[in-house]
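[1] Whatever this is, show me its structure:
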Amino acid sequence: MKHVTLRQLKVFEAVARHLSFSRAAEELHLTQPAVSMQVKQLEEQAGLPLTEMVGKKVFLTAAGDEVARHARRIAQQLREASEALDAIKGVRGGRLSIGVISTAKYFAPRLLAEFRRRKPGIELNLRVHNRETVVRQLADNEIDLAIMGQPPQEFTTVAEAFADHPLVIVAPPDHPLADRKEVAPALLNEETFLIREPGSGTRATMERYFSDVGIVPRQVTEMVGNETIKQAVMAGLGLAFISAHTVSLECEVGRLVKLPVTGTPVIRRWFVVHRAEKELLPVAETFKDFLLAEAPGLMADRPVLKTR
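    Predicted coordinates for the structure are as follows:
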């Protein structure tokens, strides 16, 4: 692929991201035939088809996945080069792309809002996904920094803890154990627990805690996402082991209660993470320093839970 152009890679990256030639054309202010021509020329350079049509849907081939991954990296490196030159010139501002696992979405926007208030010239791009997706984005250099509770082990990273992450067991307010001052773990063995999907950091922490204290639920029901789990607990479908950040409002208004189970809250840590080999630009370094210095105080402004 000696004669591939940056324009071809840019066009193909848009097609791969949208899985649509028309949406890529709209984003890039090109005609759809122009987008198709650029992709066709790139396929000729690759010697392999990069996309395939099934019905009216566009899918990437294995070769397309690989080219798209490299195209994203190249685009990111060009952006970093531009911002590094701006920093040398003394230009204020910059662009920061942050990946946040879904559990952190309950506090991350407040931190970002305060950071932008202090640094109004900075353009922020926040991406909220499950842990698996954030790890992939970090690996593919699609984001500058990630906020997560469990740094990845698949590749080498720099991970710095910036705040506590308490996890608790919640129940509906009319649950028989809701008024107890202390709940022994063994009392939960007859309960149904609503649990996160495999790959969730919350689920991994729950499984370790349950193993340590001997909790073996009578039944478990797997659900995707904290919001679904909260609604299901409020409806009386079971209990949940969940991040305290996600249920602070519901506990404050009495829709949920924290059960005072022995050994809870389980305290983990929130980390700001980047690839070890990544050279952070000034804007990313500034945000990381902001988290380490200011996040604990900002997150403590509003109590995580209100005890019944």
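[2] going forward, measure contacts between C-alpha atoms and count neighbours the same way
    Will do.
[3] partners of the residue nearest to the spatial centre of the chain in the sheet?
    In the chain, the C-alpha nearest the mean C-alpha coordinate belongs to I101, at 2.4 Å (C-alpha atoms, centre = their mean). Taking DSSP bridges as the rule, I101 bridges to H129.
[4] Can you tell me how far it is from A171?
    Separation of I101 from A171 (C-alpha to C-alpha, to the nearest Å) stands at 24 Å.
[5] Could you report the pLDDT at Q76?
    Predicted confidence (pLDDT) for Q76: 79.
[6] who's in contact with it?
    Neighbouring residues of Q76 by C-alpha atoms under 8 Å, 6 or more residues apart in numbering: N141, E142.
[7] Against A178, how distant is it?
    Distance of Q76 to A178, computed by C-alpha to C-alpha: 50 Å.
[8] Kindly report the same for A171.
    7 Å.
[9] Confirm that E279 sits in a helix.
    No - checked against DSSP: H, G, I helix; E, B strand; the rest coil, E279 lies outside a helix; its state is coil.
[10] got a pLDDT number for it?
    At E279, pLDDT is 82.
[11] Can you pull the phi/psi pair for it?
    Torsion angles at E279 (phi, psi; degrees, to the nearest 10) stand at phi -90, psi 110.
[12] Buried residues, the worst-scoring helix or strand of the chain on mean pLDDT. List them.
    Ranked by mean pLDDT, DSSP states H and E, the weakest helix or strand in the chain is helix 62-89, scoring a mean of 80. For helix 62-89, the neighbour count (16 or more other C-alpha atoms under 10 Å) marks 63-65, 67-76, 80, 83-84, 87 as buried.
[13] who touches L167 in this structure?
    T202, F241, I242, S243, A244, T264, P265, V266, I267, R268.
[14] The third one: neighbouring residues, count only.
    This points to I242. 26 (other C-alpha atoms under 10 Å).
[15] begin at 54 from here
    Okay, using 54 as the starting number, the last item reads as I295.
[16] Relative to E330, how far out is it?
    Using C-alpha to C-alpha, one obtains 33 Å as the distance from I295 to E330.
[17] If you count contacts, what does the helix or strand containing E176 end up packed against?
    Applying DSSP states H and E as the criterion places E176 in strand 175-182. Packing partners of strand 175-182 (3 or more C-alpha pairs under 8 Å, 6 or more residues apart in numbering; DSSP states H and E): strand 147-154.
[18] could you show me where the helices are in the stretch 254-361 of the chain, in order?
    Residue ranges of the helices in the stretch 254-361 of the chain, as given by DSSP state H, counting those that start in this stretch, are 254-266, 279-287, 301-305, 335-353.
[19] so which of the ones you listed gets nearest E213?
    For the helices of the stretch 254-361 of the chain, the distance to E213 is smallest for helix 335-353, at 8.0 Å, taking C-alpha to C-alpha.
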